[in-house]
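[1] Would you be able to build a 3D model of this:
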Amino acid sequence: MIKSVNAAEVLDNTLNLPVVYIAGKVTGLPYKEVAAKFKIKQLELEAMDFFVLNPVDVINDEDCNWQEAMRVSVMLLANADYIYLLPDWWDSDGAKLERELAMRLGIGTIES
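    The predicted model follows:
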């Protein structure tokens with residue numbers, strides 16, 4: 001199930017912090033493992049004063065299909081200043097697509 005989100009929630013960055021979107025491998029991994037690694041990175045980035053867009057917080061269903069997940073992910077990514085690539089991004093068709101889109105949109109890239 002995709003959490004209901006409106007644009008105001010995505011852009012509710014009242015402190016005007018730089019916005020970073022997290023990308024990494026999801027498909028084929030246990031949902032709990034995915035949720036944990038994205039949350040750990042989210043907390044680390046928030047501690048560095050980023051406003052974090054964590055797609056796992058929005059797409060909180062392990063049964064969501066890839067196309068639905070990517071539609072939501074692209075919407076989130078389009079509102080970011082940076083994309084943070086988890087170490088396993090290269091093994092993910094979705095993360096590769098997100099990286100390519102970020103590059104084309106002039107969104108900065110942060111790699112671990």
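[2] where in this structure is pLDDT low?
    The chain contains residues with pLDDT under 70 at 1-14.
[3] ok, which stretches of it are helices?
    Along the chain, the segments classed as helices by DSSP state H run 7-10, 31-47, 55-58, 66-77, 93-105.
[4] out of these, deepest packed?
    Across the helices of the chain, averaging neighbours per residue (mean count of other CB atoms under 10 Å) puts helix 55-58 on top, at a mean of 20. Using the backbone N, CA and C atoms, a C-beta is placed for each residue, glycine as well.
[5] surely Phe38 meets Val56?
    Yes. Under the criterion of CB atoms under 8 Å, Phe38 is in contact with Val56, at a separation of 4.3 Å.
[6] So which residue is dead centre in this protein?
    The centre of the chain sits closest to Ile22, judged by CA atoms, centre = their mean, with a distance of 3.4 Å.
[7] Relative to Phe38, how far out is it?
    Counting by CB to CB, to the nearest Å, the gap from Ile22 to Phe38 is 6 Å.
[8] Report the set of residues contacting both of the two.
    The contact sets of Ile22 and Phe38 overlap at Asn54, Pro55, Val56, Leu86 (CB atoms under 8 Å, 6 or more residues apart in numbering).
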